[in-house]
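Colleague: Just a sequence and a predicted model for now, questions to come.
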Amino acid sequence: MIRVLVVDDDFMVARVHTGLVERVPGFDVVGVAHTGEDALAAVDELGPDLVLLDIYLPDISGLEVLRRLRERDTPVDVLVVTAARDAQTVRGALRGGVVHYVVKPFSFDTLRSSLERYAAALRRFSAAGPDAAAQTDVDRLFGALRQADVTLPKGLNPTTADLVVSVLRDSGTDLSAAECAEQAGLSRVSTRRYLEYLAQSGKAEIRRRYGGTGRPEHRYRWIR
């Protein structure tokens, strides 16, 4: 069984999340915490395998909890479950090494899919044994944690792709490559490559804005 700690400031939400997690075979909720400090203490006391971590907590933020866990080198994985959708928070979570980022409100199927991918990754890791893993093994392991359903072209990074997707999807409007790059904290040239890939794969559409003279501006909108 994969031991889970649920962290959410809302008692009712924490209870709902607990029930959802325990509906997924192979997962067992071993504790619940409602503040960041309590979450850190519960990790030390209970030793869970996975923390379902909210960002908005009453004392310290979920990102601060994540930072302290990484500073301690605590052997626990973190799956963020939060209403926070801004690019800075998403980027901070990715840098902290979360296994996935689920935005509230979400369906049971969304959470179940994330948990099942996480369990699949653990199984692949266990099956590799003590020997050094080949690149294909590593790709399969990390692939189980990714939401993308297609292989990225050579030179594109899954983590960066997730960041660009989150910015474009959460904007609610169309963005130019420069606007998307500014929000994601990336270069315009790099961001344009990811946006073009999203358009080619049918996840985004390109709109051309014509102004004065010269070439039209390409703007991108999330459609999937």
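Modeller: Received, thanks.

Colleague: which residue is nearest the centroid of the protein?
Modeller: Ranked by distance to the mean C-alpha position of the chain (Cα atoms, centre = their mean), the top residue is residue 101 at 2.8 Å.

Colleague: Neighbours of the closest residue to that residue other than its chain neighbours, how many?
Modeller: Computed as Cβ to Cβ, 6 or more residues apart in numbering, the closest residue to residue 101 that is not its neighbour in sequence is residue 80, at 4.7 Å. (Glycine included, C-beta is placed from N, CA and C.) By the criterion of other Cβ atoms under 10 Å, residue 80 has 27 neighbours.

Colleague: Where does residue 5 sit: helix, strand or coil?
Modeller: strand (DSSP: H, G, I helix; E, B strand; the rest coil).

Colleague: now it, nearest residue through space, not along the chain?
Modeller: Closest to residue 5 by Cβ to Cβ, 6+ apart is residue 48, at 4.1 Å.

Colleague: which ones are touching the one you found?
Modeller: Residue 48 makes contact with 3, 4, 5, 30, 31, 42, 76, according to Cβ atoms under 8 Å, 6 or more residues apart in numbering.

Colleague: any idea which element it lies in?
Modeller: For residue 48, there is no helix or strand it lies in under DSSP states H and E.

Colleague: What ranges does this structure have for its helices?
Modeller: Remark: helices assigned in the chain by DSSP state H are 11-22, 36-46, 62-71, 87-95, 108-128, 135-143, 158-171, 177-184, 188-200.

Colleague: With residue 219 as the reference, name the closest of those.
Modeller: helix 177-184 (8.4 Å; Cβ to Cβ).

Colleague: and the protein, what are its domains?
Modeller: 2-143, 158-222 (automatic domain parsing).

Colleague: What distance do you get for residue 15 to residue 94?
Modeller: Remark: distance between residue 15 and residue 94 (Cβ to Cβ, to the nearest Å) = 28 Å.

Colleague: Settle it for me: which of those two has more neighbours?
Modeller: Between residue 15 and residue 94, counted using other Cβ under 10 Å, residue 94 has the larger neighbour count: 16 against 13.

Colleague: Now do the contacts for that one.
Modeller: Applying Cβ under 8 Å, 6+ apart, the residues contacting residue 94 are 101, 159, 162, 163.

Colleague: Name the nearest residue to the last one, ignoring sequence neighbours.
Modeller: Computed as Cβ to Cβ, 6+ apart, the closest residue to residue 163 that is not its neighbour in sequence is residue 184, at 5.3 Å.

Colleague: and residue 27, how many neighbours?
Modeller: 21.

Colleague: Look up which residues are beta-bridged to it.
Modeller: Taking DSSP bridges as the rule, residue 27 bridges to residue 2.

Colleague: and it, what does it touch?
Modeller: 1, 2, 4, 21, 50, 115, 119.

Colleague: since we're on the fourth one, how many residues are nearby?
Modeller: Applying the criterion other Cβ under 10 Å, we find 21 residues in the vicinity of residue 21.
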